[in-house]
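Undergrad: Next comes the sequence, and after it the predicted model I'd like to discuss.
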Amino acid sequence: MSMFTRSVLELFSFPRYVLLNRQLRDSRIRTLYSAAALGLDNYSKTRERVQNQFTNMADRFRSKMEEISHPESKNLVFTEDLKNMVHLAGENDVELVLKMLRRFNNQSKDLRFGTFVFGPVVMRMFYYLNKPDEALNNSEDSLKYASDLWKNLQEVGHQPTRRAATFIAALALNQNAPHITAEIISNVGAQNYITIRNLKAAALADLNRLEDAVAVLRRAVQVDNPNQAKVSFTKDVVEKVKAASEREERKEIAHEAQALLKRLSENGHTVDQILDDMVCAEIAVTDLHGPRNRERRYIAATFERTERRDPPRSYQRPGLRDLL
């Protein structure tokens with residue numbers, strides 16, 4: 001797998017986009033991240049600045065980059081060349097950007113002196129140009145890469161975020177690998193989150209483990225608290241459990257599942273959305289410097305000073321695990 005594909009996958013802490021094979025800037029759909037959270041505002045400003053600098057040279061620059069990127073060329077693609085092209089690119093320049101990325105990746109790493117990371121900027125370019133097909137990698141290769149990366153992180157003792165776990169689990173579910181979904185979800189600490197419950201129920205249903213899926217649904221009813229938001233299941237997860245009950249040979253388990261689904265519907269534990277919507281709920285930027293958050297940090301700091309007696313901190317050099 002090429003550097004570019006890996007960069008795309010790593011860009012958003014596992015594929016934030018893998019479930020969204022849709023137009024990125026279509027106003028009729030919701031996106032996973034707000035424009036500010038994706039850094040599109042700064043990208044647009046930098047794009048405008050670079051284009052102003054290349055007002056009378058853009059076409060000549062493109063021609064030069066075409067020459068450099070040719071397979072028989074011995075020239076190098078420099079970091080600054082690639083940065084400029086990513087901000088100059090129009091709809092007809094995507095292939096040129098990809099050729100430059102491949103050549104840049106194949107060059108000796110000894111020739112790279114900067115630390116610029118292109119993955120996020122290239123993804124912003126795709127977003128800006130409305131090129132989702134070129135940006136997305138919702139495939140078996142994506143699942144394999146994400147699964148391998150998950151295993152490596154587990155081996156070194158690093159626990160990925162819950163959002164990362166739900167994305168890999170959902171991707172596995174969409175790639176007909178519910179066993180991977182079940183395994184990943186089982187390693188997530190917060191089992192009571194609504195997304196985790198839905199993914200678990202869906203995976204167990206696809207694995208024909210109806211009795212276990214029923215147990216997940218039943219717990220949602222048993223812990224029903226009027227002071228808290230109800231635990232709900234999406235319509236496609238409900239359909240998966242219903243289909244599993246129709247395949248179930250043990251009639252008593254099948255009847256219990258169908259009766260429980262009816263009870264969930266009557267008591268408002270089902271929602272008219274699909275699991276994809278739940279997993280891909282938009283993430284917005286949190287203003288850590290706003291007055292409300294400053295107040296929270298001050299209160300938390302005051303509480304810790306008065307209530308906690310932590311031992312003196314050790315300022316040792318961090319180990320490998322701490323740097324992951």
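TA: Good, I have the coordinates.
Undergrad: Flag the shaky bits of the stretch 1-150 of the chain, pLDDT-wise.
TA: 1-33, 108-115, 136 (pLDDT under 70).
Undergrad: what do you get if the cut-off is 90, keeping everything else the same?
TA: Where the stretch 1-150 of the chain drops to pLDDT under 90, the residues are 1-42, 55-56, 69-79, 91, 101-123, 126-127, 130-150.
Undergrad: Give the other helices and strands that the helix or strand where Arg60 lies contacts.
TA: Secondary structure from DSSP states H and E places Arg60 in helix 58-69. Under the contact criterion of 3 or more CB pairs under 8 Å, 6 or more residues apart in numbering; DSSP states H and E, helix 58-69 touches helix 79-88, helix 94-106. Where C-beta positions appear, they are placed from N, C-alpha and C, glycine not excepted.
Undergrad: mind listing what's buried in the shortest one?
TA: Right, helix 79-88. Under the neighbour-count criterion of 16 or more other CB atoms under 10 Å, helix 79-88 has 79, 81-88 buried.
Undergrad: Send me that helix as CSV with only the CA atoms.
TA: Taking Å, rounded to 0.1, in the frame of the first residue of the first chain, the C-alpha atoms of helix 79-88 are listed here in CSV:
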residue,chain,number,x,y,z
THR,A,79,8.6,19.4,-0.3
GLU,A,80,7.9,23.0,-1.3
ASP,A,81,6.9,21.9,-4.8
LEU,A,82,4.3,19.5,-3.5
LYS,A,83,3.0,22.0,-0.9
ASN,A,84,2.5,24.6,-3.6
MET,A,85,0.8,22.2,-6.0
VAL,A,86,-1.7,21.0,-3.3
HIS,A,87,-2.8,24.6,-2.8
LEU,A,88,-2.9,25.4,-6.5
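Undergrad: can you pull out the strands in the stretch 201-324 of the chain?
TA: Using DSSP state E, counting those that start in this stretch, the strands of the stretch 201-324 of the chain run over 233-234, 270-271.
Undergrad: rank those by pLDDT, which is bottom?
TA: Lowest mean pLDDT within the strands of the stretch 201-324 of the chain: strand 270-271, a mean of 90.
Undergrad: now Thr46, nearest residue through space, not along the chain?
TA: The shortest distance from Thr46 to any non-neighbouring residue, by CB to CB, 6 or more residues apart in numbering, is to His87 (5.7 Å).
Undergrad: any idea how far the one you found lies from Val117?
TA: 15 Å (CB to CB, to the nearest Å).
Undergrad: what's the answer for Arg49, then?
TA: In terms of CB to CB, Arg49 sits 20 Å off from Val117.
Undergrad: Glu256 now?
TA: As for Glu256, its distance to Val117 is 52 Å (criterion: CB to CB).
Undergrad: just Ala89 next, same as before
TA: In this view, Ala89 and Val117 are 18 Å apart by CB to CB.
Undergrad: With Ala259 instead?
TA: For Ala259, the distance to Val117 (CB to CB) stands at 53 Å.
Undergrad: same deal with Ile184?
TA: For Ile184, the distance to Val117 equals 26 Å [CB to CB].
Undergrad: These two: who's more crowded?
TA: The neighbour comparison of Ile184 against Val117 (other CB atoms under 10 Å) goes to Ile184, with 25 against 11.
Undergrad: Tell me which helix or strand the closest residue in space to that one that isn't next to it in sequence sits in.
TA: Spatially, and ignoring its direct neighbours in sequence, Ile184 is nearest to Ala169 (4.6 Å; CB to CB, 6+ apart). If you go by DSSP H and E, Ala169 is part of helix 162-174.
Undergrad: Would you confirm that Ala182 contacts Ala201?
TA: No - applying CB atoms under 8 Å as the test, Ala182 and Ala201 come out as separate, 10.4 Å apart.
Undergrad: Compare the two (neighbour count), which wins?
TA: Each of Ala182 and Ala201 has its neighbours counted (other CB under 10 Å); Ala201 has more, 25 against 21.
Undergrad: Could you verify my assumption that that one touches Val216?
TA: Yes - at 4.5 Å, Ala201 and Val216 qualify as touching, with contact defined as CB under 8 Å.
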